[in-house]
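S.K.: Sequence plus predicted model, see below.
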Protein chains: 2
Amino acid sequence: MRILLIEDEPALGDAVATHLKRSNHAVDWVQRLDDADAALRAVDYGLVLLDLHLPDGRGLDLLRQLRKADDKRPVIILTARDQIRDRIEGLNAGADDYIVKPFDLDELVARILAVQRRSAEKASPTFRAGNLTIDQAARKVWRDGDEVQLTAREWALLECLAQRAGATLSKAQLEEALYAFGAEVESNAVEVFVSRLRKKLGADAIHTVRGLGYRLER
Amino acid sequence: MRILLIEDEPALGDAVATHLKRSNHAVDWVQRLDDADAALRAVDYGLVLLDLHLPDGRGLDLLRQLRKADDKRPVIILTARDQIRDRIEGLNAGADDYIVKPFDLDELVARILAVQRRSAEKASPTFRAGNLTIDQAARKVWRDGDEVQLTAREWALLECLAQRAGATLSKAQLEEALYAFGAEVESNAVEVFVSRLRKKLGADAIHTVRGLGYRLER
DNA sequence: ATCCTCGATCAGTAAAATGCGCATTGGACC
DNA sequence: GGTCCAATGCGCATTTTACTGATCGAGGAT
């Protein structure tokens, strides 16, 4: 998991980056907020370590901005002992944890692991449709609470229907979603997979709209 | 989770106790330090709310005493706005958080939840999946109680699967996690390491979902 | 108009044929 | 020794084919 470290003090930043790398984490270290901004846009970090006092702006604003954009990636705040207000503002702004400088590097690693574990748990926005529960991130489906094993195509079809639950999708649309660009299929593939899904998920899971396509009721 | 409230002001104590009870917490309210002492001995509290100015002694001493006895239960300090010294001393003495009077009761509840979450995290850093026991912090794995030695890549792969145990992860996702930025691998590296992990951890440790990826059962 | 019949089209299912995705191995490279 | 790559063979998901069943509209009889 790749980590973004935002810290302007060279000594501390270097120490943290080195130690984390030694603990087998991939770390990018930036010293300014606008660099952080650019890095976040370019790379898919799994976690952010954020010092709140930076030369070109308030770290807190970066955090608020992230959360406002519905970005739920874990953020751990690095704060000095006397900046107690920051800590609390940080937590209120959506930080996942904080650690007080000067801190033990092993403790930081422990916190990182803890936060990652926690965020891995919460980050599964499952949604329900009839007697089905669908977890897109985990690629899982439950029927009446029992997990159902799907094959790749079956899942792709269900995912497509679920993403636009309530809407009727034409067979052409579904075909497009199933077969990555160009790979035309000249058969009733969609119907075949609808059939198999119905067998696994229940006959009334997918509603056919004759002449138009299929629909997953919300 | 049962909470001990140590607060001598009747109006505040009553308000806090009532509000917490309404938020489905079990609360015991004491007004004196020796009562608190007795209560702590008698009941297994999960969290302590501590006013530092009490008629029969300093709350700080109670806190220090707890920490000295290696008691790591979370403590939140209740303090007046002008008593800044107290807050800092409190944190140094091992408090987990503090809140300034007069405070919003809902904020107190939020703090309590945050602190509880954090302390629950510290407690059990190891987790189980089937016949495997995985300690992320120590980077160790046991199979049926016997420790298994893993290489760096093997561990990285297992860690990734473990962090999202139960979810199906695509090979692309696993590759991304294994190879920090840029170091693209154009081979069946993931498959190879899955194979080696299976050899070490048992054939059924990692489940393949054909066409989708791999999954570590919870 | 209403009802029924019939044919045509579209949808559902089963089962066989195909070919891709995966596991595994041995050897090269660092 | 750890990691990465290439080649092999196998098994299962996919795809196709072909058949059965469902639905609808047209048109004739009442």
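M.R.: Structure's in. What do you need? Residues are numbered from 1 along each chain as shown, chains lettered A, B, ... in the order given.
S.K.: Which strands and helices lie in contact with the helix or strand of chain A with the lowest mean pLDDT?
M.R.: When the helices and strands of chain A are scored by mean pLDDT, DSSP states H and E, helix A:84-92 comes last with a mean of 73. Counting contacts by 3 or more C-beta pairs under 8 Å, 6 or more residues apart in numbering or on different chains; DSSP states H and E, helix A:84-92 is packed against helix A:59-68, strand A:75-80, strand A:97-101, helix B:84-92. Any C-beta I mention is one placed from the backbone N, CA and C, and that applies to glycine too.
S.K.: Next, the angle strand A:75-80 makes with it.
M.R.: If you take axes from the mean of the first three to the mean of the last three C-alpha atoms, to 10 degrees, helix A:84-92 sits at 180 degrees to strand A:75-80.
S.K.: For DNA strand D, find the nearest of the helices and strands packed on helix A:84-92.
M.R.: For the helices and strands packed on helix A:84-92, the distance to DNA strand D is smallest for strand A:75-80, at 27.2 Å, taking C-beta to the nearest atom of the strand.
S.K.: residues making contact with the closest one?
M.R.: By C-beta atoms under 8 Å, 6 or more residues apart in numbering or on different chains, the surrounding residues in contact with strand A:75-80 are A:7, A:12, A:47-53, A:59, A:63, A:66, A:86-87, A:90-91, A:94-101, A:103, A:108, A:111-112, A:115.
S.K.: between the least confident helix or strand of chain A and strand A:97-101, how many degrees?
M.R.: Put simply, helix A:84-92 runs at 160 degrees to strand A:97-101, going by the same axes, to 10 degrees.
S.K.: Once you drop chain neighbours, what's closest to the residue in chain A positioned nearest to chain B?
M.R.: Here chain A gets closest to chain B at one residue, A:Ala152, 2.7 Å apart by C-beta to the nearest C-beta. Leaving aside its sequence neighbours, A:Ala152 sits nearest to B:Gly211 (C-beta to C-beta, 6 or more residues apart in numbering or on different chains; 2.7 Å).
S.K.: Report the contact partners of the one you found.
M.R.: By C-beta under 8 Å, 6+ apart, the residues touching B:Gly211 are A:151-153.
S.K.: Taking those, please make a PyMOL selection of just the buried ones.
M.R.: Typed into PyMOL, the line below selects the buried ones among the contacts of B:Gly211, using 16 or more other C-beta atoms under 10 Å in any protein chain shown:
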select buried, chain A and resi 153
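S.K.: Kindly format the C-alpha coordinates of the lengthiest helix in chain A as PDB.
M.R.: Using DSSP state H, we find that the single longest helix of chain A is helix A:105-122. What follows is helix A:105-122, C-alpha atoms only, in PDB (Å, rounded to 0.1, in the frame of the first residue of the first chain):
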ATOM      1  CA  LEU A 105       8.500   5.400  14.600                       C
ATOM      2  CA  ASP A 106       7.300   1.900  15.400                       C
ATOM      3  CA  GLU A 107       4.200   3.300  17.000                       C
ATOM      4  CA  LEU A 108       3.500   5.200  13.800                       C
ATOM      5  CA  VAL A 109       3.800   1.900  11.900                       C
ATOM      6  CA  ALA A 110       1.400   0.300  14.300                       C
ATOM      7  CA  ARG A 111      -1.100   3.200  13.900                       C
ATOM      8  CA  ILE A 112      -0.800   2.900  10.100                       C
ATOM      9  CA  LEU A 113      -1.700  -0.800  10.200                       C
ATOM     10  CA  ALA A 114      -4.500  -0.200  12.600                       C
ATOM     11  CA  VAL A 115      -6.000   2.500  10.500                       C
ATOM     12  CA  GLN A 116      -5.600   0.500   7.300                       C
ATOM     13  CA  ARG A 117      -7.400  -2.400   8.900                       C
ATOM     14  CA  ARG A 118     -10.200  -0.200  10.100                       C
ATOM     15  CA  SER A 119     -10.700   1.400   6.800                       C
ATOM     16  CA  ALA A 120     -10.600  -1.900   5.000                       C
ATOM     17  CA  GLU A 121     -13.500  -3.000   7.200                       C
ATOM     18  CA  LYS A 122     -15.700   0.000   6.700                       C
END
